[in-house]
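# Pasting a predicted model and its sequence here:
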Amino acid sequence: MEPRHLLGIEPLERGEIERILRSARALREVLRGPSKKRDDLRGKTVINLFFENSTRTRVSFEMAAKILGADAINWSASGSSQSKGETFLDTLRTLEAMRPDVLVIRHGASGSAGLAARHLGCAVVNAGDGAHEHPTQALLDALTLEDHLGSLDGKRVAIVGDVAHSRVARSTSLCLRRLGATVVLCGPKTMLPSAAWEGVEMVHDLRQALGEADAVIALRIQTERIGESLFPSAREYARFFGLSRRTLAWAKEGAVVLHPGPINRGVEIEPDVADGDRSLILHQVESGVAIRMAVLLRAAGKLEEDSHG
Ligand code: NCD
């Protein structure tokens, strides 16, 4: 498979993850600087193809493309010919005939980005495929954590909530483990994967999960992927698995809090934790633009070191 695709964290080795993080760190200075314009991708076209809703991911891919000088076209399923019965592959082939250089795709079906990559000639970047992978989220989580914890070697990160239906949990735990962290998953039985994930601990008790944790990542309950309710009430969920000042006290002193967003205040996270000084939620958003700049450069074969082999 063409190496410039980014379909998931699974195929990436530690060195490649570190290369993307290194570039993102440098590119973030452009984002923070007075003139947000480069011409690395001038003359290139990026299509953002979103079959599922998104705020952070879609806007940050668009912003990343524009800062790098590419033309970004945003497509979303609502208002498209999908409602007229066009198939997924016909939509892809139609857009490909317009000769984009990079296709960023979010879709509710696991494997959709891989399918697109097999059929299309341009580079494909997965912006979330069902409950499978969300690689740019994992990379931005890693960047954010490294900013605050330094090297992730030997660090302990708890991922709490609806793990079973979360592409973020899958990609982020793979990524953090490749960078040397220990990952513990926590949630009610109905929200943890039925089969063990290699090398990852799973517990049902939040206190146990947070013990000695350097960081905790809260997840949104993926109601759009679940038919039935997986717990008796939001209040009960919040009591046992929500991040509050009371429960966060079980983690290491100074442990940081992440959430991919969108957050449901009062369910998986209390407002005073989401807005508190240990929360890195908005830092994650900034990291997201930098990571997507690096990933788009990589997709175009222009990431630092690309020319050296
Ligand atoms: C996540 C997603 O869409 O997978 N959001 C995001 O990309 N920031 C998580 C979620 O929707 O809960």
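Alright, I've got the coordinates.

# wouldn't residue 124 be in contact with residue 103 here?
Yes: the criterion here is CB atoms under 8 Å, and residue 124 meets it with residue 103 at 5.2 Å. For glycine as for every other residue, the C-beta is placed from the backbone atoms N, C-alpha and C.

# For these two, list the residues in contact with both.
By CB atoms under 8 Å, 6 or more residues apart in numbering, residue 124 and residue 103 have these common neighbours: residue 116.

# State the number of residues packed around the residue of the stretch 151-300 of the chain found nearest the ligand.
Of all residues in the stretch 151-300 of the chain, residue 220 sits closest to the ligand, at 3.5 Å by CB to the nearest ligand atom. Neighbourhood size, residue 220 [other CB atoms under 10 Å]: 20.

# I figured residue 290 hits residue 31, correct?
Yes: shown here, residue 290 and residue 31 form a contact pair, counting by CB under 8 Å, at 6.0 Å.

# Among the two, which residue is more densely surrounded?
Ranked by neighbour count (other CB under 10 Å), residue 290 and residue 31 place residue 290 first, with 26 against 16.

# ok, now which ones touch the more buried one?
By CB under 8 Å, 6+ apart, the neighbours of residue 290 are 24-25, 27-28, 31, 64, 140, 143.

# swap the cut-off to 7 Å and go again
Contacts here follow CB atoms under 7 Å, 6 or more residues apart in numbering; on that basis residue 290 touches 24, 27-28, 31, 143.

# Kindly report the domain assignment for the protein.
Using automatic domain parsing, the domains assigned to the chain come out as 14-134+285-308, 135-282.

# Can you say which helix or strand has the closest residue to residue 95 other than its chain neighbours in it?
Nearest non-adjacent residue to residue 95, counting by CB to CB, 6 or more residues apart in numbering: residue 47, 5.7 Å away. Here residue 47 sits within strand 45-50, counting by DSSP states H and E.

# starting at the chain centroid, how far to that strand?
Computed by CA atoms, centre = their mean, to the nearest Å, the chain-centroid distance of strand 45-50 equals 17 Å.

# cool, stretch 105-115 as well?
With CA atoms, centre = their mean, you get 14 Å for stretch 105-115.

# average model confidence for it?
When pLDDT is averaged over stretch 105-115, the result is 97.

# Could you count how many residues lie near the residue lying closest to residue 271 once chain neighbours are set aside?
The shortest distance from residue 271 to any non-neighbouring residue, by CB to CB, 6+ apart, is to residue 265 (5.0 Å). Neighbours of residue 265 under the rule other CB under 10 Å: 14.

# wait, doesn't residue 265 sit right on residue 272?
No: checked against CB atoms under 7 Å, the pair residue 265 and residue 272 is beyond contact range at 9.9 Å.

# on that earlier part again, check which helices and strands the strand holding residue 47 is in contact with.
helix 56-67, strand 71-76, strand 102-107 (3 or more CB pairs under 7 Å, 6 or more residues apart in numbering; DSSP states H and E).

# run the last query once more with 10 Å
Helices and strands touching strand 45-50, as assessed by 3 or more CB pairs under 10 Å, 6 or more residues apart in numbering; DSSP states H and E, comprise helix 56-67, strand 71-76, helix 88-96, strand 102-107, helix 112-119, strand 123-129, helix 281-299.

# orientation of that strand relative to helix 56-67 in degrees?
Going by axes from the mean of the first three to the mean of the last three CA atoms, to 10 degrees, strand 45-50 is angled at 170 degrees with respect to helix 56-67.

# and stretch 220-229, which residues are buried?
220-222 (16 or more other CB atoms under 10 Å).

# Could I get the average pLDDT for stretch 136-153?
For stretch 136-153, mean pLDDT rounds to 98.

# Contacts (any at all) between the ligand and it?
Yes: interface with the ligand: stretch 136-153 contributes residue 137 (CB under 6 Å from any ligand atom).
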